[in-house]
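Asker: Build me a model from this:
(chains A and B)
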Amino acid sequence: EVHLVESGGGLVQPGRSLRLSCAASGFSFEDFAMHWVRQPPGKGLQWVAGISWTSRVVVYAESVKGRFTISRDNAEKSLYLEMSSLRPEDTAFYYCAKDIEGDPSSCLYDWGQGTLVTVSS
Amino acid sequence: QSVLTQPPSVSAAPGQQVTISCSGTSSNIGENYVSWYRQLPGTAPKLLIYDTYKRPSGIPDRFSASKSGTSATLVITGLQTGDEADFYCGTWDSGLRPGKVFGTGTKVTVL
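Answerer: Model (predicted):
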């Protein structure tokens, strides 16, 4: 059974940085692209970033490009999201999600339970 | 920002049918597979439909989906009280700013 467990969320001041982690188990992590998706409380889903199985393909939403960095460690079966220059509008639940393919595609097959990031002074 | 447009809400009585539309463009729905996600209150989203019409293991055939041109549709038949949730369509956008895009979301209410 696929398990994705996010960690690293919390309260952070505007302009500061935060690193999210996602621990994967139950599947061959190194074979699949991975994504981060966020959801502001009470609002809809927003895709944040995706990374291919080899890390060669990395794509970002325009709203986070230049501020967020997605990365992965296949040996550790872990996905990361380094967030800098955080803004109040980055406040959201952040979900780690497994793609259906090795390169970022249209389907997020499995999702973690999410971690809440609150950006406020 | 959501690129795909869905109705904010749909409703029907138990046992009835609801249809959720998802409108996009030629660069997203027009040339890529569509997926649908269900989000029960207070929980993470879960895949409902992938590759436009396929159901993951464990998803009943009461849920079906299709695509035509730049629009996609999710149909739920035999509506149950447990179906109350938010539903999102999603696909890949192959345009100038490639990336995954989601619909605005639709709240399904069982009357």
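
Asker: which residues of chain A fall in strands?
Answerer: In chain A, the strands defined using DSSP state E lie at A:3-7, A:10-12, A:18-25, A:34-39, A:46-51, A:58-60, A:68-73, A:78-83, A:92-99, A:108-111, A:115-119.

Asker: Say whether chain B is contacted by the first one.
Answerer: No - remark: strand A:3-7 sits outside contact range of chain B, by Cβ under 8 Å from any Cβ of the partner chain, the gap being at least 9.1 Å. Backbone N, C-alpha and C define where each C-beta goes, glycine included.

Asker: Return the angle between stretch directions for that strand and strand A:18-25.
Answerer: With axes from the mean of the first three to the mean of the last three Cα atoms, to 10 degrees applied, the angle from strand A:3-7 to strand A:18-25 works out at 160 degrees.

Asker: And for the fourth one?
Answerer: Our comparison of strand A:34-39 with strand A:18-25, counting by the same axes, to 10 degrees, yields an angle of 120 degrees.

Asker: Direction included, what does strand A:34-39 pair against?
Answerer: Using DSSP bridges, strand A:34-39 pairs in its sheet with strand A:46-51 (antiparallel), strand A:92-99 (antiparallel).

Asker: got the contact list for that strand?
Answerer: Identification of contacts with strand A:34-39 by Cβ atoms under 8 Å, 6 or more residues apart in numbering or on different chains yields A:20, A:22, A:24, A:45-51, A:70, A:72, A:79, A:81, A:90, A:92-99, A:104, A:108, A:111, A:114, A:117, B:45, B:100, B:102.

Asker: before we move on, the earlier item: now tabulate the strands paired with strand A:34-39 in JSON lines and tack on mean pLDDT and mean neighbour count.
Answerer: As requested, the strands paired with strand A:34-39 are exported to JSON lines (pLDDT from 0 to 100; neighbours: other Cβ atoms under 10 Å in any protein chain shown):
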{"stretch": "strand A:46-51", "mean pLDDT": "97", "mean neighbour count": "24"}
{"stretch": "strand A:92-99", "mean pLDDT": "98", "mean neighbour count": "24"}
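
Asker: what's the closest of those to residue A:58?
Answerer: With Cβ to Cβ as the criterion, residue A:58 lies closest to strand A:46-51 of the strands paired with strand A:34-39, at 5.1 Å.

Asker: how about the CA coordinates for the closest one, as PDB?
Answerer: Extracted in PDB, the C-alpha atoms of strand A:46-51 (Å, rounded to 0.1, in the frame of the first residue of the first chain):
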ATOM      1  CA  GLN A  46      -3.400  24.500  -6.600                       C
ATOM      2  CA  TRP A  47      -0.600  22.600  -8.200                       C
ATOM      3  CA  VAL A  48       2.800  23.900  -7.000                       C
ATOM      4  CA  ALA A  49       5.600  21.800  -8.600                       C
ATOM      5  CA  GLY A  50       6.500  18.500 -10.100                       C
ATOM      6  CA  ILE A  51       9.700  16.500 -10.600                       C
END
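
Asker: Now do it against strand A:78-83, angle only.
Answerer: 120 degrees.

Asker: what is the orientation angle of strand A:46-51 with strand A:68-73?
Answerer: 40 degrees.

Asker: tell me the contacts of residue A:11?
Answerer: So residue A:11 contacts A:118, A:120 (Cβ under 8 Å, 6+ apart).

Asker: List the beta-bridge partners for it.
Answerer: residue A:118.
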